[in-house]
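Trainee: Provide a 3D model corresponding to the input given below.
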Amino acid sequence: MAHDHNHSHNNVNIKALKWSFMLIFLFMIIEVIGGIWTNSLALLSDAGHMLSDAAALGLSLTALMFGQRKATDHKTFGYKRFEILAAFLNGITLIAIALYIFYEAYRRLLEPPVVLSSGMLIISTIGLLVNIVVAFILMRADKDENLNVRSAFLHVIGDLLGSIGAIIAAVLIIFFGWTIADPIASLVVAILVFISGLRVTKDSWHILMEGVPFNLNASEIKSALLAIEEVEEVHDFRLWSITSDYHVLSCHLVVKSDEARKGVLRQARTLIHDQFDLQDLTIQIECTGIDECSHAAHESHAH
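Mentor: Take a look at the predicted model:
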């Protein structure tokens, strides 16, 4: 059942990313042409962000499809972690785009250029509508559980805000002649993009470094295991993520007697599965002072 549930989520995510990629890529081309035509940094920076969006969505899509490949003798967890590598690259790309926009905005603040504001307004309004549609598509996917989909969603939200900034800048130029509004709008977008990139990079780096899953507390799990009758000690405790929605736990439990092994093992597996929703467990039982009674058991529900 867990396998079918995950497979269904993957199919929804892949479909959402496919549609999002096509829409973003097509409009990115329009926005690049429009940005050059109107001489608007706000549009060009948004187009640059859309380019990173298209790359991010394409990479995310490839990662999800690649991650479905089965495990082998050489890669016993399969290719699932490719999703996290893709999310990490997406985050780094966002940061790089933001820094470039900062640089260009600074240059334009010193010498505000002439901008074709009416064309800028039309293109940025269409861009806003496209980004709203794509954001809605990704919201229906598994963005809260899958870091890769979430990173793509954050790319699009940054783009949406970029389109709003470009619209505001175009209106200010049309009615007040404030050409400085164009680079200021770009700076606002750059800040938002930078924050999003930093967050995605930090979260994916945490998983790559095999940190404890964000939604779990290692101390709480240890305390719950120690609360089981007959358990005297918990050691060699390891809790990490293969991907954002696939967590693994392994530990050794020291029990008071050889007779308690099976009962404790059963209780520990049930407790961790039911209370903490962990399905890939490796628990080794050891008896106090009796090395010979060591017993290993592995409970794995397919993901």
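
Trainee: show me which residues of the helix or strand Asp159 falls within are buried.
Mentor: Per DSSP states H and E: Asp159 is located in helix 147-176. Neighbour counts over helix 147-176 (16 or more other Cβ atoms under 10 Å) mark 147-173 as buried. Yep, even glycine has a C-beta here, placed from its N, CA and C like the rest.

Trainee: now the helices for the stretch 151-300 of the chain?
Mentor: 181-208, 218-226, 261-276 (DSSP state H, counting those that start in this stretch).

Trainee: how about the longest one: buried residues?
Mentor: By 16+ other Cβ under 10 Å, the buried positions in helix 181-208 come out as 181-190, 192-194, 196-197, 200-201, 203-204, 206-207.

Trainee: repeat for stretch 205-225
Mentor: So for stretch 205-225, counting by 16+ other Cβ under 10 Å, buried means 206-207, 212-213, 221, 224-225.

Trainee: just to revisit the earlier point, off-centre distance for the helix holding Asp159?
Mentor: From the chain centre to the centre of helix 147-176 is a distance of 20 Å (Cα atoms, centre = their mean, to the nearest Å).

Trainee: ok, now stretch 238-248?
Mentor: That offset, for stretch 238-248, works out to 14 Å (Cα atoms, centre = their mean).

Trainee: so the longest helix seen in the chain versus helix 147-176, what angle?
Mentor: Longest helix in the chain, counting residues (DSSP state H): helix 2-38. Inter-element angle recorded for helix 2-38 and helix 147-176: 30 degrees (by axes from the mean of the first three to the mean of the last three Cα atoms, to 10 degrees).

Trainee: helix or strand right after helix 2-38?
Mentor: Counting by DSSP H and E, the element after helix 2-38 in chain order, helix or strand, is helix 41-67.

Trainee: angle of that following helix against helix 181-208?
Mentor: Computed by the same axes, to 10 degrees, the angle separating helix 41-67 from helix 181-208 equals 20 degrees.

Trainee: show me what helix 41-67 is packed against.
Mentor: Other helices and strands packing on helix 41-67, by 3 or more Cβ pairs under 8 Å, 6 or more residues apart in numbering; DSSP states H and E, are helix 2-38, helix 82-110, helix 117-139, helix 147-176, helix 181-208.

Trainee: neighbours of Leu129, just the number please.
Mentor: Using other Cβ atoms under 10 Å, Leu129 has 12 other residues around it.

Trainee: ok, it to Glu232 distance?
Mentor: Distance of Leu129 to Glu232, computed by Cβ to Cβ, to the nearest Å: 63 Å.

Trainee: OK, contacts around Ser163?
Mentor: For Ser163, the contact set (Cβ atoms under 8 Å, 6 or more residues apart in numbering) comprises 46, 124-125, 127-128, 131.

Trainee: rerun that using 6 Å as the cut-off
Mentor: With contact set as Cβ atoms under 6 Å, 6 or more residues apart in numbering, Ser163 has these partners: 124, 127-128, 131.

Trainee: turn the residues you listed into CSV, including pLDDT.
Mentor: Output for the contacts of Ser163, formatted as CSV (pLDDT from 0 to 100):
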residue, pLDDT
Ser124, 83
Gly127, 84
Leu128, 88
Asn131, 86
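
Trainee: any stretches of the protein with poor pLDDT?
Mentor: 1-10, 48-49, 52, 63, 67-68, 71, 142-148, 289-303 (pLDDT under 70).

Trainee: ok, longest strand in it?
Mentor: Of all the segments of type strand in the chain, defined by DSSP state E, the longest one is strand 231-243.

Trainee: and that strand, what does it pack against?
Mentor: Strand 231-243 is packed against helix 218-226, strand 246-255, with contacts defined by 3 or more Cβ pairs under 6 Å, 6 or more residues apart in numbering; DSSP states H and E.

Trainee: of all the ones you listed, which one is nearest Arg266?
Mentor: Closest to Arg266 of the helices and strands packed on strand 231-243, according to Cβ to Cβ: strand 246-255, at 11.9 Å.

Trainee: got the angle between that closest one and helix 2-38?
Mentor: 140 degrees.

Trainee: got the CA coordinates for strand 246-255 in PDB?
Mentor: In PDB, the C-alpha atoms belonging to strand 246-255 read as follows (Å, rounded to 0.1, in the frame of the first residue of the first chain):
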ATOM      1  CA  TYR A 246      11.800   8.800   2.800                       C
ATOM      2  CA  HIS A 247      13.200   8.500   6.300                       C
ATOM      3  CA  VAL A 248      15.300   5.700   7.800                       C
ATOM      4  CA  LEU A 249      16.100   4.700  11.400                       C
ATOM      5  CA  SER A 250      18.500   2.200  12.900                       C
ATOM      6  CA  CYS A 251      19.400   1.700  16.600                       C
ATOM      7  CA  HIS A 252      20.400  -0.800  19.200                       C
ATOM      8  CA  LEU A 253      18.200  -1.500  22.200                       C
ATOM      9  CA  VAL A 254      19.700  -3.100  25.400                       C
ATOM     10  CA  VAL A 255      17.100  -5.200  27.300                       C
END
